[in-house]
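S.K.: Mind folding the following:
(2 chains)
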Protein chains: 2
Amino acid sequence: MQLEQQHSVKPNSGGWLRVIGLGPGDPALLAPAAKAALNEAEDVIGYRTYIQLAGPFRDDQRVQDSDNRVELERARHAFQLAATGRRVVIVSSGDPGVFAMATAVMEALEQAKDPAWDSVDLQIIPGISAAQAAAARIGAPLGHDFCTLSLSDNLKPWSVIARRLQLAAEADLVIALYNPSSRARPHQFSEALALLREHRAPETPVILGRSIGRADEQVFVTTLAEVDPAQVDMRTVIIIGSSQTRIIQTATGRRWVYTPRWYPAGK
Amino acid sequence: MQLEQQHSVKPNSGGWLRVIGLGPGDPALLAPAAKAALNEAEDVIGYRTYIQLAGPFRDDQRVQDSDNRVELERARHAFQLAATGRRVVIVSSGDPGVFAMATAVMEALEQAKDPAWDSVDLQIIPGISAAQAAAARIGAPLGHDFCTLSLSDNLKPWSVIARRLQLAAEADLVIALYNPSSRARPHQFSEALALLREHRAPETPVILGRSIGRADEQVFVTTLAEVDPAQVDMRTVIIIGSSQTRIIQTATGRRWVYTPRWYPAGK
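M.R.: The predicted model follows:
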C-alpha cells in the first residue's frame, strides 16, 4: 500500500544527494568533487557554521541551515527533497565519514519508510579530516598506527569511552581525540588525560589543533604532563603521541612532531 | 666547521619542499593545494606508480621516480635539492601523513647533517586516505571510533602488530588495515583474521577496497566468517566492522555499510 502511495510522489528525475566534507575549511584543501557538488546543488543543508564556510551561494540556491543537534532530521529532509528530483548537498566539516553527517544519512536510509529513498542517487564525497589537517601542519604524528576516538558521551556511555582509551593506551597507538569537551560536560578531557597519564610518559608529545585551515588557526605542541584542559574546546582536535612519537627542534626554532615508521622489538 | 662548509652551498632562494598526497587517485579528490604544488614544482620525486598518477608533467619539470623501498633516500634527496633553491614535490598516494612519505621526510630532517635543511620551506599537504575513500564508496563504516593499523612487519615486529589487533578488537573499534599482505609475507592477513575472529561475530561486516578512485576500482562487502585472503593484496585496504557496524540492503539491491553514532550501554 505504502509503495503505491509513494509512487504518486513525483518520481526522481535527475535528483541526487551528495554528502560532502569541507575538509578543515581552507578552500585549497576542498576536493574538486565537493566544490562541483556545491555548485550544482539546488538545496544546501547543514549546520550553520559549515554552511557559512561552504558559501557564498547563488540566489537560485536554497540554503537551509540548522542547529548542530538535529543530524537525523537534516538527513531525512535531504532524502525527501532528493526523492522529488532536487539536487541536494549536505555539508559537513572535515570528512563526512568521520564523526559527521554520512552516518546520520545512513541511519535515515536504514529507517526509511519511503521506498523512493532507496533509489535516490546518493554519493558520499570524502574530505580531509581535522586530525589529518592538524597532523600535516605539525609533521607526521599519524605516520604510524593510530586511532580516532570521540570523547562525546551524548550517544555512548562514558564507560565505553574510558575502556577504549585504556586499551588504545595499552596498544601504544597514537590517539586522535574528537569532541574533547563541551559546556555540558567539561570534565571529559581531564578524565581522559588522567587515564592516559597512567600509561604514557610525562614527556609524550601532545598536539592541540584548533580551527585548522581557518583564519584563527592555532597549533600547540605540548606534553602529556603539561597539557592544560583549559586550552581545549569543542573546536579542538587533540593528538596524543605513542611511546615512539618524537619532537624535532630545528635550528630555526621550528618544532615538528612525528611518529617513526619503525617500532623497536621488545616494547 | 660543517656549518661553515654548508654556508658555501648556494643559499635557499625561493626553494621549497612540498610533501603531497594524491588521495585515492581520482583527480576530483585531489586537493587544489596539491595540484598547485605539482604545477609549480621544478622537481617531482616519488615512487613510480604515484608519479604516473600525478602526471603528466611539462618538459621543464624534472621527474625522479624510484622504487617504493627507498623512502629515506628519496626524502634526503628532496631536502638537498630544496636547500639549493629548487622547488621540490614529493608525491605520496592517499594522505602523505598516513603510512606514507611525510614520516620519512621527518626522519630525514631529524637526522640531517646539513643545517641548511632546517631552513627549507617545508609544507605537508594532507590528502584523502585510502581508508576514507573506500569508506565513502560504501557508506560510513568509519563513522564512529576506529583505528588504522599497518600489517607490515618490515619495520615493526609481528608481536606488536598482533598485540595491537588484539587490543583494538577488545576495544570494539572499527579497524582499517593497511599493507595487508605481500609476496614476502603472504600469511599476515590470515593471521590477523584468526585473531579478530576470536573477538568478533562471524557476521561482522568486512569491506575490501582495491584501487579506489582508479579505473580498476573494486569494493567488496563480505563478513568476517567469509572473507577470503586470496581477495587481498598490497593495494587493498580492509575495513573490519565493530560489533555495531551494520549492512543496509536497499530495495534497489545496493548495499551500504555504516557504524552508528550511538553505542549501547552494557556492551
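S.K.: switch to C-alpha atoms for all contacts and neighbour counts from now on
M.R.: Will do.
S.K.: secondary structure class for whichever residue of the stretch 101-250 of chain A sits closest to chain B?
M.R.: When you check the stretch 101-250 of chain A against chain B by Cα to the nearest Cα, the closest residue turns out to be A:Cys147, at 3.8 Å. Counting by DSSP: H, G, I helix; E, B strand; the rest coil, the backbone at A:Cys147 sits in strand.
S.K.: Just checking the distance from stretch A:76-94 to the centre of its chain.
M.R.: How far stretch A:76-94 lies from its chain's middle: 19 Å, per Cα atoms, centre = their mean, to the nearest Å.
S.K.: do stretch A:175-184 as well
M.R.: With Cα atoms, centre = their mean as the basis, stretch A:175-184 stands 12 Å off its chain's centre.
S.K.: buried stuff in it?
M.R.: A:175-182 (16 or more other Cα atoms under 10 Å in any protein chain shown).
S.K.: mind listing which of these are in helices?
M.R.: Residues from those lying in helices, with DSSP state H as the criterion: none.
S.K.: least confident pick among these?
M.R.: By pLDDT, A:Ser182 ranks lowest within these, coming in at 69.
S.K.: what two of the buried residues of stretch A:175-184 have the greatest distance between them?
M.R.: A:Ile175 and A:Ser182 (19.3 Å; Cα to Cα).
S.K.: Just the buried residues of stretch A:175-184: which are in strands?
M.R.: Cross-referencing the buried residues of stretch A:175-184 with the strands (criterion: DSSP state E) gives A:175-178 as the overlap.
S.K.: Redo these as TSV? Include distance to B:Glu71.
M.R.: Rendered in TSV, the data for these read as follows (distance: Cα to Cα, whole Å):
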residue	distance to B:Glu71
A:Ile175	25
A:Ala176	25
A:Leu177	29
A:Tyr178	31
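S.K.: Distance to chain B for those - can I get that in CSV?
M.R.: As requested, those are exported to CSV (distance: Cα to the nearest Cα, whole Å):
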residue, distance to chain B
A:Ile175, 9
A:Ala176, 10
A:Leu177, 10
A:Tyr178, 10
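S.K.: shaky segments in the stretch 1-150 of chain A?
M.R.: Low-confidence regions of the stretch 1-150 of chain A, defined here as pLDDT under 70, cover residues A:1-13, A:68.
S.K.: Which parts of it are strands?
M.R.: Using DSSP state E, counting those that start in this stretch, the strands of the stretch 1-150 of chain A run over A:16-21, A:43-47, A:62-66, A:87-92, A:121-125, A:139-140, A:146-150.
S.K.: Next, format the ones you listed as CSV and append mean neighbour count and distance to B:Arg137.
M.R.: CSV is the format used below for the strands of the stretch 1-150 of chain A (neighbours: other Cα atoms under 10 Å in any protein chain shown; distance: least, Cα to Cα, whole Å):
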stretch, mean neighbour count, distance to B:Arg137
strand A:16-21, 28, 11
strand A:43-47, 23, 21
strand A:62-66, 16, 26
strand A:87-92, 28, 16
strand A:121-125, 21, 7
strand A:139-140, 28, 26
strand A:146-150, 23, 20
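S.K.: which residues touch A:Arg62?
M.R.: With contacts defined as Cα atoms under 8 Å, 6 or more residues apart in numbering or on different chains, the neighbours of A:Arg62 are A:42-44.
S.K.: can you check A:Pro202 too?
M.R.: With Cα under 8 Å, 6+ apart, A:Pro202 has these contacts: A:223-226.
S.K.: still on that earlier bit, I'd say the residue of the stretch 101-250 of chain A closest to chain B and B:Thr148 touch.
M.R.: Yes. Using Cα atoms under 8 Å, A:Cys147 is in contact with B:Thr148, at 6.0 Å.
S.K.: pretty sure A:Phe146 contacts A:Ala169?
M.R.: No. Checked against Cα under 8 Å, the pair A:Phe146 and A:Ala169 is beyond contact range at 10.4 Å.
S.K.: Hmm, A:Ile125 and A:Ala34 touching each other?
M.R.: Yes. Because the distance of 6.4 Å satisfies Cα under 8 Å, A:Ala34 is recorded as touching A:Ile125.
S.K.: Common neighbours of these two, please.
M.R.: Contact criterion Cα under 8 Å, 6+ apart; residues bridging A:Ala34 and A:Ile125 by contacting each: A:20-21.
S.K.: mind listing what the spatially closest residue to A:Met101 that is not a sequence neighbour touches?
M.R.: Beyond its immediate neighbours in the sequence, the residue positioned closest to A:Met101 (Cα to Cα, 6 or more residues apart in numbering or on different chains) is A:Ser92, lying 6.0 Å away. Residues in contact with A:Ser92 (Cα under 8 Å, 6+ apart) are A:19-22, A:46-47, A:50, A:100-101.
S.K.: can you rerun that using 7 Å?
M.R.: Taking Cα atoms under 7 Å, 6 or more residues apart in numbering or on different chains as the criterion, A:Ser92 is in contact with A:20-22, A:46, A:50, A:100-101.
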